[in-house]
Structures are given as C-alpha cells and as structure tokens.
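A.B. asks: Curious how this folds, go ahead:
(chains A, B, C and D, ligands or ions: 6)
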Amino acid sequence: MLDLAIYGDYETAWCPGCGNFRILPAVKKALAASNLAPHQVTFVSGIGQAAKAPHYLNVNLFNGLHGRSLPVATGARLANHTQPVIVESGDGCSYGEGGNHFLAAIRRNVDLTMLVHNNQVYGLTKGQASPTSDEGFVTKAQPHGVYAMPFNPLAVAVALQANFVARAFAGLEDHLVEMIKQAIAHPGFALVDILQPCVSFNKVNTFGWYKNRCYTLPDSYDPTDWPTAMVKAHEWGDKIPLGVIYKNNRLPFEAHFACLQDMPLVRQPVAKAKFQELLAHFQ
Amino acid sequence: MLDLAIYGDYETAWCPGCGNFRILPAVKKALAASNLAPHQVTFVSGIGQAAKAPHYLNVNLFNGLHGRSLPVATGARLANHTQPVIVESGDGCSYGEGGNHFLAAIRRNVDLTMLVHNNQVYGLTKGQASPTSDEGFVTKAQPHGVYAMPFNPLAVAVALQANFVARAFAGLEDHLVEMIKQAIAHPGFALVDILQPCVSFNKVNTFGWYKNRCYTLPDSYDPTDWPTAMVKAHEWGDKIPLGVIYKNNRLPFEAHFACLQDMPLVRQPVAKAKFQELLAHFQ
Amino acid sequence: MGRHDLNLLIGGEAGQGLVTIAMILTKALVRSGYFIVVTQSYQSRIRGGHNTFAIRISPAEIIASRAQVDFLVALNEETIQRHRPEMSDAGLVLVDERFAGGNDQVLKVPFQEFATDRSVNVAYLGILTQLLGLDEAVVFQALEDYFGAKKPEMTAANQAVFTKAVQWAEEKHLPETVRLAPATDRRERLMLNGNEAIALGAISAGVKFCAFYPMTPSTSIPLTLQAAADTMGLVVEQAEDEIAAINMAIGASYAGVPAMVATSGGGFALMVEGVSLAGMTETPVLIVVAQRPGPATGLPTRTEQGDLEFVLHAGHGEFPRAILAPGTVEECFHLSRQALFLAEKYQTPIFLLTDQFLADSYRAVAPFDIDSLETVKVGNDPAMVPEPYRRYAFTESGISPRLLPGLSEHLVVCDSDEHTPDGHITEDLTVRRQMVDKRLRKAAGLRAEVSPPAYVGHVSPDLLLVTWGSNRGAVLEAAATLKTKGQKVAALCFSQVWPLIPEHFLDYLLSAREVVMVEGNALGQMARLIRRETGFEIRRHIRRYDGLPITPEYVLQALASGATAAR
Amino acid sequence: MGRHDLNLLIGGEAGQGLVTIAMILTKALVRSGYFIVVTQSYQSRIRGGHNTFAIRISPAEIIASRAQVDFLVALNEETIQRHRPEMSDAGLVLVDERFAGGNDQVLKVPFQEFATDRSVNVAYLGILTQLLGLDEAVVFQALEDYFGAKKPEMTAANQAVFTKAVQWAEEKHLPETVRLAPATDRRERLMLNGNEAIALGAISAGVKFCAFYPMTPSTSIPLTLQAAADTMGLVVEQAEDEIAAINMAIGASYAGVPAMVATSGGGFALMVEGVSLAGMTETPVLIVVAQRPGPATGLPTRTEQGDLEFVLHAGHGEFPRAILAPGTVEECFHLSRQALFLAEKYQTPIFLLTDQFLADSYRAVAPFDIDSLETVKVGNDPAMVPEPYRRYAFTESGISPRLLPGLSEHLVVCDSDEHTPDGHITEDLTVRRQMVDKRLRKAAGLRAEVSPPAYVGHVSPDLLLVTWGSNRGAVLEAAATLKTKGQKVAALCFSQVWPLIPEHFLDYLLSAREVVMVEGNALGQMARLIRRETGFEIRRHIRRYDGLPITPEYVLQALASGATAAR
Ligand SMILES: Cc1ncc(C[n+]2csc(CCOP(=O)(O)OP(=O)(O)O)c2C)c(N)n1
Ligand SMILES: Cc1ncc(C[n+]2csc(CCOP(=O)(O)OP(=O)(O)O)c2C)c(N)n1
Ligand code: SF4
Ligand code: SF4
Ligand SMILES: [Mg+2]
Ligand SMILES: [Mg+2]
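C.D. replies: Ligands and ions are numbered 1, 2, ... in the order given. So this is what the prediction gives:
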C-alpha cells in the first residue's frame, strides 16, 4: 500500500463537522490500497461542496461544470483508457443537473468510478432540496416540504443493470474504503452512492439518523441476483442497506473498439498511408 | 363518444407504411372516448417524426424543442391545471435528449399523459441509434452495432414508482386506444410507451418482429404489485408484455398547492390588498 | 452633529453571525430614517473564509457604495488585517477584546462580559446602537422581528444581553467618531435589495409562474417569490435543470400566465435554446440574468458585467428582444414590471440584466404607489379575433392576436419549426420569408418604447462618463465629486441596453470633449455595442473585472491615473 | 462543341432514388474531368415532399451554383410544374413518358420499356450518359462502385438495363442541347462536399475524438469520421445530448487528443456553457456549427447565415476565440485543419462556421498533398516545463505549458472556477484579475494569425461586394459578370470572421465608391460586426433568409433592383 501522505494535505472550504471530512481520507486509503500514485489517476468533478473534494487531493483533476462530470470523464477515459478515471461530485450535480448523463453512463458502461457525496441537499447554494431529498423535506425553496418523490439512484442503476452499484456511509470508514476500492477494481461503470451528512443544511438526515438506520449487507447477500437487488435498492427509511447492491459483468465500453486494442488514442499517431487510402474512397 | 371528424384530417409527412399511421387514429379514438373536444385538450410535442403527430390533430398544440416537451407541458399544466395536457413525441426526444426531464416528470407526478412513439431509432435524422435501440443494432453512426445497453423506459419508470406505466403496440389498435384512454383518466403522470415500427430505418424491429413477440398481460396481472411489475418491466426479447405494467396512486403534483384549490393560475387576478400586506414585511 | 456619511463594514467568517448583525442593523437604520447602500461580499462556501457586509449610511439620499471604510466591525482578527488599509483617518475599529492588534483607533469590547457565544450578535448590536447613536427601541424591535418568528422564547434573554451591552457602552464614554447625524426624513421606507425588488415588481405586474434552478446570485429572486406564493397565488418551481426551467416558463406563458426565470451566466447558457424557442413561438417570457464573473463557474459569489454581448446574442436565429439593466433598486422593481409588460405586448423574450452587487445591495426604498400599478393583461379577447383564429396572423406591427389554449373554442397552435399563420409546420419558403419579416417588425415597436439613458450634468462637458446598469450610482457620485472640484462633467447612464436608439444619446457623445466608458468587464462590451450602433468609438475606458463593484473612488482613481485604452 | 456551363437539376420525392442517380452521376462527372458545384435542397421528412439535387457542370473551374436550370430531370410531375419557371430558353426537360404535361423542350422516355420500378434509376443514368455525352464505362463504373458493396449480385442485371437505356437513347437521335463540351483537364479529383472535407481535414490534422448528437445539416461530419474510425484510429461517439457531446470532447482534449464536435444552431445552443468551460479551463476544442435557418427548429434542412453573432458571443464571461468561415470545399478541409492547430496552440475553443448549402455541396477537389500536411502536436514536453508544473502558469503570450494527465508524473489540474496558476480553485481577487489578463493576452496571438479576407477585382472600384463564408463563389461570379459588362467592381470575401483586423480590409472599404454587403441573414450581422470593429457603416445590403443559398443571379438581381437598406 502506498503512503497516504502522497495525496497531500490541503485546507478545505467545508463546514466544521461536515460528512465530507470523513470521505476524503477514505478516498485516499482506497487510492493507496488500489496502488494508484497521484499521477496514475484522474479525478473529474462538477460543482458543489462535494465537487471540491478532489482539489484536496494531490492528483490529476478536471473540475468542470455543475452536472457535467460524467461526459468529461467519458471523453477523458476514451482518449486514454489506460488511465483510471474517478468521478466525484454531489447528489445535486450527479442526479439533478446531470441526470441524463447518469442514465447514459450506466448504459454506456465506460470503465469509470463514480463517487457521489449524497447529502440529500444542495449544499453550496444554501440548502434547497436535491433530487434525493426525502418527501416533505422543508427548505426555503420548498417551504411546505418537497412534493416530488425522491430520486433513488440505486433503483435506477439496478433497473438499468449497471455494472456495479454500491452504497456506503461517510460515518463508516472501513466499509466506505472497501466500497471505493471495489468500485475502482470493478471493470465498467461503478457507482458508489455515499450517504454524507450536511451539518449546515440538512437537519433531518444527520449522522445519527443515518447511523440508526444503516446496516451492511450480510455476506450471504448475492449482488448478482437482479430481482433481489431491485428490492434491496428500494429499501429506505427505517433500514438502509450498505454494500454492493448489484454487480453485472458487461464488457466495458472501451473494450468494444478495435482501434483501442493496442494503444490508447492519446498515443496514436496519424497514419499517412492509411489517410491516403481513405481519400481514395472519395475519388 | 365524440365524433372523430372533429379532430380533423391532415396530410402527413410520414413514410408510407409507417407505424405512426396506426397511432394517429388511436389517439383520436381515445380523445373521443375521453370526451375531450379539440379545445379541451392541449398537446405538447418535441421534435422528430413522432413529434409531428399533433400537427395532424385539430387540437391546441405547443410543438417545442427536441427533448423539451415535458417541461413545457409541466409549465402549461401548472398554469392551468383544469386543462388536460398530453405529451407526444419520439423515443429519442423523450428518453435521449429529454432523459433528465423524464426522470423529473416521474418524480414530480404532474397530471400529464405522455405518449412515446418508440421506434427504437432516430427517424427524422435518418436512422441513428436511439436510447431504446437494441444492443448490436447497426446504423451508419453505429457501424459495429450499438455498444450501450438499451434504455428501458418502463423499468426506470417502475423503479421510480411512476403513477401509471403502460406499453402498447401500434399494430394493436384497440388495446392502444384503451391504454391511452386509461392514461388520460389516471391522475398524475402517466406513460404509454408505444412500440412503433419505422419502415424506413429500423429493419430489425418490424411490424412482424413486434407482432411475434407482443402479448397482452392477462387480467390476473396486478399492476399495483411493485416487485412483479419490476420483473415485467424487464421482460424483453422473445416475449414483450403489453398493458398496464404498473400503477401507483400518489397525489398529483398540482394537488399540493393551496393556491390552486379554487382556481387555476390563469384565472387568478393580482390581489392588491395582499400585495400591500406583502410589502409590509419589508418595512 | 454627527456623521452625514458613514461607511460601516462588518467582516468575519461565514457562519459567525455577520449577516444576522448586519441585517438587523440595516433594518433598524432604515426604520430610523437613514438612507443606505449595502455591498455584500462573500465567498463560495458556507462556513469560514472571509465575508463582509458594508453599509454606507446617510441621513440624506445616497446612491453608491464607497470603498473607504469609516467604521470597521471586525468579528475576527483577519478582518482587521485585511481592511485596515481601507480605513479613513478618523475611523474606528470595533473588536472583541480577546483579539490581538490595535492602535488608538481600536475599540476593544469585553463581549464575554455580557454575552455567551450564542448571544454575542445581540451584544454587538447593543454596542453598535450606542456608537451610532440609534434609538435602542428601534434596534431591539428590529432584532425581535428578525428572531421573533424563529425563537420567541428568547426575547427576555436577548433583552438582557442587549441592555447590558448598551449600558456598558454608555458607561465607557466611548468615542463619538462614528455617531450618525440625526435622520430628518422619517417617511416610511422599505428595505429591499435588487433581487427582492425584482421579485416584488414582477408580482405587482402579475407574474404567476417562476421556474428556477438555484444559482448564486439569482436565487433570492425565486425565494422571494416563493415566500409570497401562497398569499399571492404563484407557483414557484425548482426545476431539474435550467433547460427545464425556461421551457416550463414558456409552457406556463403559452397556457396564459406571465412567467419568468432567474439565473446567472452558466445557468443562462443552458437556457439559450429556450430563448430562441420563445423568440420563434412568440411566447412572452421574462429572463433575469444576475451576472457574476465568468467564464464557466468563475467566481460564483462576486460581481461583473461580462454577459452583455452574450445575452444580447443568445439564441440561434434572429428575433427581437429587449434588455433592461436597472441602475438602482427602485429600477429593479419598475423595470421588472416593464419587462413583463414588454414581453406580453411583443410576445418575445425580454431580459433583465443585473449583477451580484445590485442583487444583494439593500437600499431604503420609498413605498410604491400600489393603486397606480397596473397588471399585465394576458392575451387578447377571444371574441374579437378574426375567424379562423390564426396564432401567427400577419399584421403590420408584427404582433399577432394571442389567445390562450382551453379558454375559448379557438385552437392555439404554436410551433418551433417555421410555421404558417395558423401555427402549423411549413417548409414553404415564401411563408418563411414573410414570417421572418413579421417577427422582426416587432422590433420597431420595441424601439419606440425604449427608455432613453439618463443624462446628468453639464450640457457640453469636458468629460462625459458613460455607464450602464448597476454602476449608475458610482458614476453619478464620481461626476458630482468632480463637479464640486470645478470640472465640467456629465454622466450618461443606460438602464436599457437594447435596443439602442442613437437619437437618444449620440449627440451627447459628440458634444463632450472627452468620453470615458465605465463598465464592469474586461472587453468594454457596451462601448463596442455603442460603436456598432452609432459608429462612435469611445477611446477611454474604466473597467473592472476582479469581482468587486465599481465605486466612486474607483472611477476617480482611474481618471486620475488616466483611464486605460481599449484592450 | 457542347455546353461549357450546364446546370442540371434532378427533382422528385424523397425516397424516389433521386440522390442515388445524382450521386452516381456526380461521381462520373468528376471522374470524367468536369468541375461541379452541387446544391442540395431537401425537406425535413424521409419520404415524399419535394427535393432537388442540382449539379452545375463545366469543363472549366466553377465556384458557384446557379439558379437558372438548363436541364431538368423530373422524377415526378410536380418537379416540372415547380421548376419550369426556372428553365433557360435552350433547356431540356427529361421525364417518364407516363407523366402529363410538356412542350417541345420536353423529352419523354418510356422507362418501363427497359426498366422495372426498382431499376429505373439505372435506366435514368443510361439516358443521362447519352444526353450529356459521357463515357458509358465511366458512368457504369461509378454505378458499380455505388451499388457494388451493397448488392454485387445485381451487376449483370444493372448492366443490361443500363445498356438498353443507352441504346434506346442512341437510336432515338435525341436532341444534343444538353451535351457537355469535352473535359480537358483530366487530373484526378476527389468528389467532396463541405462536411466531408471538414471531416477529412480534421483527420489529417490528427483529430482523434468526436462526440455528436445527430442534427441536420452537421451529421455527415461525424458519419464521415465514423466511417474512417477503424482505419484511422478515432473514437466517434453519439452522445446522449449536445451538452454531453461538448463536455466529452473537452474531456478527451484534456486527456490529450485533438477533439471536436459538430452541430447546428439548436444543438450549439446547448453547448454554450461548454464553450465557456473550454475558454476557462483553456482546453482546445474544435466546434463546427453548420448553420440552418432559425430561430428554434426553424427550417431544419435549409441554409442560412443567421448564427454569426450568436457564435461570436456564445458563452458567459470573456475569453478569446476564433471563427473560421470557409468559402469553398477546399477551405473546409484547410480551415478545419487550421482550427485544430489554433485550438491546440491557443488552448481555447475555435469555431468553424458553415451552413447547409456548403455542407451538402459536392465539388471536384484537387487531391491534397498529404506528405506536406503536418499534424497537431498535443501538449508540451513534460521534461521541459519549469518545476513545479503549473497548468496555468503566467506567461507573456498568455499561453501556459500544457501537459497531459497520466503521461508524466506531473499533475494536471484544470478548473472551471477561477484558479491559481497551479489550477486550484481560488477566490483571491488579485489572482482573478491576473488570470483574466492572461487568458485575454492569447487574443493577441490569435489576431496575429488571422488570414486576411480575399480581395479580388478593381483597386478603386465603383462597387465593392463584401461577403463571408459560403457566398464567396456567388459573389465572385456576380462580380466577374459585372466586370465583363464594363463595371469597375471588386469583391472582398472573409473566410475568417473573428478576430477582424481593420488593417486587413478597412482601406478597401474606404476606397470603394459604393459598398454592398451580401449575407445570408435578415439583420446584416457581418455588417454590424464590421462597423463595431472599424466604425465603417455599410449602407447597402443584399440579404437572403428564405432558406435558399445566395446565387450569382440573386446578387445581380438585387443590385439591379437597388440593394436594400439596413433593417
Ligand atoms: C449550470 C449551473 N447551475 C447552477 C449552479 C449553481 N450550483 C452550484 S453548486 C449547486 C448545488 C450543489 O448541490 P450538490 O451537487 O448536491 O453538492 P453539495 O454542495 O450538496 O455537496 C448548484 C445548484 C451552477 N454552478 N451551474
Ligand atoms: C437540440 C436538437 N438536437 C438535435 C436535433 C435534431 N433532431 C431532430 S429529430 C431527432 C431525432 C428524432 O428521433 P425520435 O425522437 O426518436 O423521433 P422519430 O423521428 O424517430 O419519430 C434529432 C436528433 C434537434 N432538432 N434539436
Ligand atoms: S454545506 Fe453541508 S455539505 Fe457543504 S460543507 Fe457545509 S456541511 Fe458539508
Ligand atoms: S422515418 Fe420511420 S418513423 Fe419516420 S415516418 Fe418514416 S417510417 Fe415512420
Ligand atoms: Mg448535495
Ligand atoms: Mg424514434
């Protein structure tokens, strides 16, 4: 295992006590355990409090637009599919603004690891409901509570038979590290939805709230059994399952391309002779 | 039942033999059976061959942008929630460009009827894969066949416990009429995914292909049983179920608003006395 | 006696209660009859960092913020270090005695003597009441109103802390350097910032629908609407993204209610296709763009005027629009109303272009004459339209009768494709040309309704300062200062930046000996636009793009050092 | 003998095989040594409606399409009715004898005698071969190449039909009015349209990634790339929407490959936030916008130049860009290359602005000198950057060393927020100002690399025609016609519309007695831009916005009737 110090130690812009502080070291440990030195991994993030996380890591980073981390990561991975790419952002960014990319990423199955800091609220914009806010969650923007049904990212991912679907909790570090590690190791698209208390704007889904409800799936649980996974993905409320909810083994997207078998695009020169042949088709 | 002639008879821009020709009269029959005279219903559509359909009906129509029919319909319905609103568009428009709105519409549960002409291809732009194209479907844009897993709209809708989720087939008119009628009658968000052969660009999923596979769900099928519905929603391939896959009874979104109890917004004047009171808060 | 112009700045970390103190104090000042101009400066984080809330205070009307600080209320040591250089000579610094640093300008208060950590805000307010010479009852009432709803059980405890703080200050015979001159004009006023004024203006005009996706600095517009929604009968919906927001507003408008969206640069970028849709379908919609520094995420909580050209040309294809750029909080109210009227009349997107500075800048605003405020009448009378009804009937003005779906037996057909007069899709190229002409004819009407820019000052000045939007106050005050120094100076302030009518202002430009453009961007976008429309090239420029608002001092200093040439 | 300039128009319903006949004929013409200019006009539907494919043919080089038709191949009766008015006096109409209508200009052919409904295309080609005087073998080979891959088993049957049709035509001693003058320049040429040339240019420069969402008229760019993907090593990905497309391209570019997107107005509208992201993160990206008439969905399959100002100002905030607007198919190839080079060098979004006319217009193009074509070198040498590596290091040119993530031990940190030189988020307002300055300094480099507009004609003309993009051919030909009539005329054609360098062209504008702007939009966007940048107001305008391309005749007629004033 690599030394955690190589990932640096930065000042953050997070609120004291925020769940994000529990996720950051877990990510470092998972990177170290996965043997990824700083330059051997690329992080892509969006905008929000969670999306700042990779700034607090000594790694390659593209911090793009709110909601658009997945397409950037997809492009980066296809350009160089020998480089591991990790997407890290908030629930609003990932499932709200970025909802369409979430669906597409699951279907495309590019080998990406997606870490979602799910605090069930828009933190950086000061506490409006996020897609995962529970029904009835009261905010200034939703003074009578949220009317919409919450978005269940796990249910959608399992419904679309995503390659790897897991849930973790910021308050359970070892398990979280394990989930991230497995997600990195699993080929294809891998989601880790991380329950993350927001101490400033979410006074309902607190550390205690999660702690009282979360349990880890038993070893007997078979994440390859789709109907069971579907039901598990729906469990929420009094009991919240943590662990690998569903696993699939579809070929990663990039493995389909003949032209990527030998070398990543980033190392491929322009073959002039082939270009000459190509032009002949237009004669 | 109203006279079908009131919905007009227009020349279309569709290809001879297209499945759209089977859907058009079914929509008319469902409108008539639902007792909706032309001015008593508003259609909203996107862009594509399917999205032209409401132009061939004598009704109120807002034909908006590719992928954006649902938000327009949501706004229209909230402004006047006494007017039935029907969304009609293609699979690309509804599940591709419009994917994020699809998720949000299910969650929001505004009382809308959504008819999707699902031909598993982008028709108007000449035959690229759509989100619902089967894996391996070959087009000029996907010369080695589609690599991504198809988007299963029913599975996602059921996973998110949408209020009404049905599948119909353009080749089975009576059933299609019934599904549309039920969707209109059901409060909240109602989806009817309509399998629609595209004779010009989809040489795989033809009339015959669907016909050989589609069957209607037996009366014994209970659409309120979620786990079963989830499995049913996943059935695809040799056997394709038609019918109401899932039904829920959440309150329609508009029913939450106190200010909409008496009158739709479109009939509400500005109450000057109340405005005066409002200003007092800023003193 | 006392100060006729005091610039008070409260600084500290986010989460320290800085905004609470400042908001209560501001309310008390307005209720006491003072005029104020607030400048809020905060970071894109929830806790920590360094934020400030500056209140410029005067018994007479003031129109701009100021850079120089007279009274610094430092909630932490960092504030002293950062803002010391901005202090005026006769200024005062108020700090907790536990903080280090300080000279004779510093007043150290033993807050722990009369307050706990939780009630220290109340103690600060007590000290401030004394130092500024405010009426204790007024400040305490403002405090009560602020906390009241949230924690009524706290009244007695707060009163005790407040009184102790005031008493301590009285006993200490504190310096009177920051005492305010008494307010004389005691008419009631509203305390409003730009965003609140926009929301209230829109409500007064009849807005019934707003869709939004949260984005600083625009979010308080929908939040203000939301707070009024139950009373006034509005639907304010948080959309899944900005694309949905504008399309929802267009749908609501099509169905018959005045509708709006509010966002900032990046969110607006996502609305651009919808802007074009509104243009093509001729659907009224008010789009508020509260600018912040870009590109991309930029500086989310700061101010800039970098999106003028972007907003002016947003949307593919050609269609008419208008862009209003309020210069004051009052104008936010009135132009928000006007924008809704113009949108409905010309059936096209109308923009309100503001910025973070104005959005968050509280002012004391004279109450509006509510009875005289008309409301937008949506659509035409179904009984009066020629049969068969055609949504896009060709007319001389380009404005076609607008009916609302479901409210009569007429069918209302709108299309984003090119369409025939009855609204159905067409590929007839003759109709195409006619429809383009019809849509663009509406521009003539919009041009006829343009409000000319305000011209203030000498008729043939040596120096003409030109500006637009929220810089108005800073420029006017800078001009006034120069005038007192004997300069022949004038100011030309645009509150509508599109359309531009050369007859309204070209003569001013031509008759000034020297023209200087003042704007909050790096490329001089308004100057370019003026040249495009008039041929007149403005050669001297004062620009700011570091995220802070333009102040009178900034203008004067730039002039003193010779305003820069164009980039 | 024979025609030195023939305009052949094939018209019929979509799905009738019109494009098949036309493509094979065009290929045969190019292989026979003719120059061609193709104009495709089609509807937004798959079957039915009315489409045309016009081929202007000459043994000498030609540069524009023509409106007047010399040879009308009517696949249905509607075609005759619609296009009769466009026929020249000595023209010929070719129709199936079963169609009604006709006078002595009409040649009726009994297609059912030698072809079934399925093979009638082949019969048409046989008749055309004879009438145009082409080499049977060349045409049949083109036909074989077209069908070959798809249905090799058809060769014998096709040959029989083809021969029968040719023989029939020979025996009938058909009129020779449309026979072509022999081609003399037999050098090999490519048959390329604008979109194919863009794709090939990009491949030659080293593009490795393209993401797109289908949108007419841009789609054939990614499809051409896709067809070459396996051979050339490209990834061409159909994205879930245009927002994803541009963000994917930016991601790919960040990771180290030249990347592009192609779209049209509405799709581009959705990319606008991404444009700003590329500007802020300084990520190279080529954005092709193939214009069609707007607003909104507009006329999806027609042509216009209505998005110049939109593209120029797309994206919130301020950052440098360049916009290239090719005037010919050759320029599509070369400017696509140049755009990729500029994007990489200046690390900013670069635009290629074309339109449906050029996108679909086939031409005979001289082969490119492949050996001399350089490829884009992506990024800097990791061994050469100063340590610690800083992605946004301040430099005089504004260009910072660009490394690629994972290819060295240096870390590459990019941010859409304002950032420090090392790429990390910052709210330091001094750094902000420096970073804006740094980014904008790159504009100077871009300005230095601008290709001046082409000036052709009299040095101090009575009439100067100014235009940009795809109108080049029409304007040059109109100018040439006027010159033959003794007018002192010149043409100024822009193939780069941003930045504009007044020194490149202002003197031309000033020395002409009269200047007329020719552009494909209703508002005169290029004229406005020229005024903004130079102060020079162009007062006469020729504009077109009915969805059809500007032709030499259109220009000449507009001049004859006195070009219009500005709107
Ligand atoms: C296009 C766009 N819209 C809106 C915003 C404003 N915005 C910034 S962060 C944020 C929400 C963040 O919520 P989430 O992703 O859950 O992250 P958190 O702050 O809760 O960690 C929003 C709406 C933006 N930056 N860009
Ligand atoms: C923003 C935008 N992107 C792309 C297009 C081009 N476009 C028009 S229709 C269409 C696909 C239509 O497919 P689908 O919705 O399945 O309808 P169909 O034609 O198959 O009925 C596309 C991509 C557009 N009009 N707008
Ligand atoms: S706002 Fe919430 S999520 Fe953001 S840093 Fe603070 S506690 Fe954490
Ligand atoms: S392209 Fe396909 S879907 Fe469209 S009209 Fe033709 S057959 Fe129908
Ligand atoms: Mg969140
Ligand atoms: Mg389709």
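
A.B. asks: And for residue 38, the neighbour number?
C.D. replies: As the question left the chain open, I've gone with chain A. Neighbour count of A:Pro38, defined by other Cβ atoms under 10 Å in any protein chain shown: 17. (Each C-beta comes from the backbone N, C-alpha and C, glycine too.)

A.B. asks: could you do chain C instead?
C.D. replies: Residues near C:Val38, counting by other Cβ under 10 Å, number 22.

A.B. asks: What of C:Lys488?
C.D. replies: 16.

A.B. asks: Phi, psi for it please.
C.D. replies: phi -90, psi 100 (degrees, to the nearest 10).

A.B. asks: Could you pull up the residues touching it?
C.D. replies: Applying Cβ atoms under 8 Å, 6 or more residues apart in numbering or on different chains, we find C:Lys488 in contact with C:458, C:460-463.

A.B. asks: Filter those residues down to the buried ones, ChimeraX style.
C.D. replies: The ChimeraX command for the buried members of those (criterion: 16 or more other Cβ atoms under 10 Å in any protein chain shown) is given here:
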select /C:458,461,463
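
A.B. asks: Next up, the contacts around A:Asp238.
C.D. replies: A:Asp238 neighbours (Cβ under 8 Å, 6+ apart): A:Arg213.

A.B. asks: pLDDT at it, what is it?
C.D. replies: pLDDT, A:Asp238: 96.

A.B. asks: if we can go back for a sec, quickly check the contacts of C:Lys488 for the two that are furthest apart.
C.D. replies: The span of the contacts of C:Lys488, defined through Cβ to Cβ, is set by C:Ser460 and C:Leu463 at 11.0 Å.

A.B. asks: who touches both of the two?
C.D. replies: C:488, C:512-513.

A.B. asks: What is the nearest of these to ligand 5?
C.D. replies: Lowest distance from ligand 5 to the shared contacts of C:Ser460 and C:Leu463 (Cβ to the ion) belongs to C:Ala512, with 52.4 Å.

A.B. asks: residues in the stretch 151-283 of chain A within reach of chain B, list them.
C.D. replies: With Cβ under 8 Å from any Cβ of the partner chain as the criterion, the stretch 151-283 of chain A comes near chain B at residues A:151-152, A:155-156, A:158-161, A:226-227, A:230-231, A:233-234, A:250, A:253, A:256.

A.B. asks: from those residues, which would you call buried?
C.D. replies: Buried among these by 16+ other Cβ under 10 Å: A:151-152, A:155-156, A:158-161, A:226, A:230-231, A:233-234, A:250, A:253.

A.B. asks: Give me the lowest-pLDDT entry from the contacts of C:Lys488.
C.D. replies: Among those, C:Ser460 carries the lowest pLDDT, at 93.

A.B. asks: The buried ones among the residues of the stretch 151-283 of chain A next to chain B: which ones sit near chain D?
C.D. replies: Among these, no residue sits close to chain D (Cβ under 8 Å from any Cβ).

A.B. asks: Now, those residues that are in strands?
C.D. replies: Among those, no residue falls in strands (DSSP state E).

A.B. asks: Now do the contacts for the residue lying closest to C:Gly547 once chain neighbours are set aside.
C.D. replies: The spatially closest residue to C:Gly547, leaving aside those adjacent along the chain, is C:Arg302, at 3.1 Å (Cβ to Cβ, 6 or more residues apart in numbering or on different chains). Contacts here follow Cβ under 8 Å, 6+ apart; on that basis C:Arg302 touches C:41, C:292-293, C:356, C:547-548, D:427, D:429.

A.B. asks: Distance-wise, check C:Gln291 relative to chain B.
C.D. replies: Separation of C:Gln291 from chain B (Cβ to the nearest Cβ, to the nearest Å): 24 Å.

A.B. asks: Pairing partners for that residue in the sheet, please.
C.D. replies: Counting by DSSP bridges, C:Gln291 is bridged to C:Asp355.

A.B. asks: Disregarding residues adjacent in the polypeptide, which is nearest to C:Val555?
C.D. replies: Spatial nearest neighbour of C:Val555, excluding adjacent residues (Cβ to Cβ, 6+ apart): C:Ala478 at 3.8 Å.

A.B. asks: What is the burial count for the one you found?
C.D. replies: Neighbours around C:Ala478, by other Cβ under 10 Å: 28.

A.B. asks: list the buried ones in stretch C:479-495?
C.D. replies: Result for stretch C:479-495 [16+ other Cβ under 10 Å]: buried residues C:479-480, C:482-483, C:487-495.

A.B. asks: Narrow those residues to those in strands?
C.D. replies: In this view, the buried residues of stretch C:479-495 that belong to strands under DSSP E are C:489-494.

A.B. asks: between those residues, which is closest to D:Asp5?
C.D. replies: Distances from D:Asp5 to these, taken by Cβ to Cβ, are shortest for C:Phe494, at 54.1 Å.

A.B. asks: circling back: a markdown table please, covering the shared contacts of C:Ser460 and C:Leu463 and showing distance to C:Ser204 and pLDDT.
C.D. replies: Below are these laid out as a markdown table (distance: Cβ to Cβ, whole Å; pLDDT from 0 to 100):
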| residue | distance to C:Ser204 | pLDDT |
| --- | --- | --- |
| C:Lys488 | 41 | 98 |
| C:Ala512 | 38 | 98 |
| C:Arg513 | 43 | 97 |
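
A.B. asks: wait, which of these is closest to ligand 3?
C.D. replies: C:Ala512 (50.2 Å; Cβ to the nearest ligand atom).

A.B. asks: ok, that closest one - how many residues close by?
C.D. replies: Close neighbours of C:Ala512, defined as other Cβ under 10 Å, add up to 23.

A.B. asks: Might you report the residue contacts of it?
C.D. replies: For C:Ala512, the contact set (Cβ under 8 Å, 6+ apart) comprises C:460-464, C:490.

A.B. asks: Same check on C:Arg45?
C.D. replies: Per Cβ under 8 Å, 6+ apart, neighbours of C:Arg45: A:13-14, A:49, A:124, C:14.

A.B. asks: Can you give me the pLDDT of it?
C.D. replies: At C:Arg45, pLDDT is 94.

A.B. asks: Many thanks, we can stop here.
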